[in-house]
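In: Just the structure for this:
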Amino acid sequence: MKPLTKMLKVTPLWLLGIGISSGAWGQSLSDSEIKKNVHNIESPIQKVLKLEPKSFEYDTQHYKHLHLQSGVHYGFLAENVAAVFPELVKTKTVSYNFGKNATRDAKLKTVEEHELISVLVAAIKEQQTLIEKLQADLQQMKSKVAIPE
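Out: Below is the predicted model of the structure:
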């Protein structure tokens, strides 16, 4: 008879309850377990207001070697985002052929735009809180003063 660890194709550590697996079972971790230094986004409205959304086209004629996508795009200029969220701007290296047997690297700034979603949600929530406070203040003022309709 084969040992249980060979039949199940897992490490003995899994059977001891440690939860490390190399086979049939995997480790199940919650999102909050794998993230650290979790904080609320401070002043999201002020940060979003500093961003300048743009429509643009890549200069595909001048930079053919970079194989940029043609057509109209929507997004941000990396320099603008870097001023507000420097951690969302990355440098991407694109290698291209230069001459017969040579290559060159072009370094492009890119924006991790998907990471802005949480900032936008935080800004909307902050804005909604302000709207609700203003509505309550308005109701309170209306109740104190008879406004003819």
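
In: Report the separation between Met141 and Ile131.
Out: Separation of Met141 from Ile131 (CB to CB, to the nearest Å) stands at 16 Å. No exception for glycine: its C-beta is placed from N, CA and C like everyone else's.

In: ok, now which ones touch the residue positioned nearest the centre of the chain?
Out: Centroid-nearest residue in the chain, with CA atoms, centre = their mean: Glu115, separated by 1.2 Å. Applying CB atoms under 8 Å, 6 or more residues apart in numbering, we find Glu115 in contact with Phe85, Leu88.

In: quick check, it in a helix?
Out: Yes: counting by DSSP: H, G, I helix; E, B strand; the rest coil, Glu115 is found in a helix.

In: confidence score at it?
Out: pLDDT, Glu115: 96.

In: Glu126 versus that one, what's the distance?
Out: According to CB to CB, Glu115 stands 18 Å off from Glu126.

In: now swap in Phe56 and tell me
Out: Counting by CB to CB, the separation of Phe56 from Glu126 is 29 Å.

In: Settle it for me: which of the two has more neighbours?
Out: Glu126 (16 against 11; other CB atoms under 10 Å).

In: what comes up buried for the helix or strand hosting that one?
Out: Secondary-structure assignment from DSSP states H and E places Glu126 in helix 116-144. Buried positions in helix 116-144, judged by neighbour count with 16 or more other CB atoms under 10 Å: Leu116, Val119, Ala122, Ala123, Glu126.

In: Check stretch 29-40 too.
Out: Neighbour-count burial for stretch 29-40, counted by 16+ other CB under 10 Å, picks out no residue.

In: Next, the distance between the ends of it.
Out: End-to-end distance of stretch 29-40: 22 Å, with CA to CA, to the nearest Å as the criterion.
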